[in-house]
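Undergrad: Okay, structure incoming, though there's no sequence with it:
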């Protein structure tokens, strides 16, 4: 009875507020320390005392926290806002942030599901390859699935030659050249034409950039597109690209008087 009389009329103790709002006393103490929700009064004995207005503010804080706002957002931006338009504007900003998080989570889920498929197809535990697949998924490299077919030597070569930025740039250029090879093949552009040889020069420079002078990599590159279990449509496109690339490079090397593929085998 004496404890109840010690609390002035219209005030509640921290324990009463915690019970009323289904939070812990520690949470209310934390909000007080952070300057987010301070009690309206302190008793002579040093007890925190809250009013109904404090409870309304606590309800506001908990609601906004449920929507995904950080305590810093609530403290610095939301609580002081007075007009519906201002609150609506901040809520719109938070909605955009939630959508961004959903996109990130959706992408993470996609990567997990694709990686799981690759792991099952590999039929072995190889965390280096797992990491390479994840990186290529994050780079939006549509050829990520080829990684499981590469041997350790090829993968180590790629890791040593490219970082994430340069790897992304290389793959973008490679894909464009593959598409151009298919276009030239379908258009029946002669391999010995100026256009065909210009393409051969650019393509060979790209291959040289990839191999870094290691001619043993050439034979491994030739095998791309011959892997079993790959998508038939991809194989068909790759076959067209490879056929045209082979034609223009034959002419290109003949004019130069060299055969780098034989040198690589030697």
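TA: Yes, it's here. Keep in mind that what you see is a predicted model, and the values were worked out from it rather than measured.
Undergrad: right, and the helix or strand after the lowest-mean-pLDDT helix or strand in the chain?
TA: Least confident element among the helices and strands of the chain, by mean pLDDT, DSSP states H and E: helix 2-5 (a mean of 48). Per DSSP states H and E, the first helix or strand lying C-terminal to helix 2-5 is strand 12-13.
Undergrad: roughly how far is the helix or strand just after that following strand from the heart of the chain?
TA: Of the helices and strands lying after strand 12-13 in sequence (DSSP H and E), the nearest is helix 14-21. Centre-to-centre, helix 14-21 and its host chain are 42 Å apart (C-alpha atoms, centre = their mean, to the nearest Å).
Undergrad: Could I get the buried residue list for helix 14-21?
TA: Using 16 or more other C-beta atoms under 10 Å as the test for burial, helix 14-21 gives 14, 17, 18, 21. Where C-beta positions appear, they are placed from N, C-alpha and C, glycine not excepted.
Undergrad: same deal with stretch 182-197?
TA: Applying 16+ other C-beta under 10 Å to stretch 182-197 flags 182, 184, 185, 189, 191, 196, 197 as buried.
Undergrad: Could you list which of these belong to helices?
TA: 182, 184, 185, 196, 197 (DSSP state H).
Undergrad: Quick one: list the elements packing against the helix or strand that contains residue 92.
TA: In the assignment (DSSP H and E), residue 92 maps to helix 84-122. Judged by 3 or more C-beta pairs under 8 Å, 6 or more residues apart in numbering; DSSP states H and E, the packing partners of helix 84-122 are helix 127-138.
Undergrad: continuing past the helix it packs on, what's the next helix or strand?
TA: helix 152-161.
Undergrad: Figure out how far that following helix is from the centre of its chain.
TA: 22 Å.
Undergrad: Would you mind listing the buried residues in it?
TA: 154, 157, 158, 161.
Undergrad: just checking, residue 34 touches residue 74?
TA: No - counting by C-beta atoms under 8 Å, residue 34 does not reach residue 74; the two are 9.7 Å apart.
Undergrad: So between these two, which is more surrounded?
TA: Taking other C-beta atoms under 10 Å, residue 34 and residue 74 do not tie; residue 74 has more neighbours (22 against 13).
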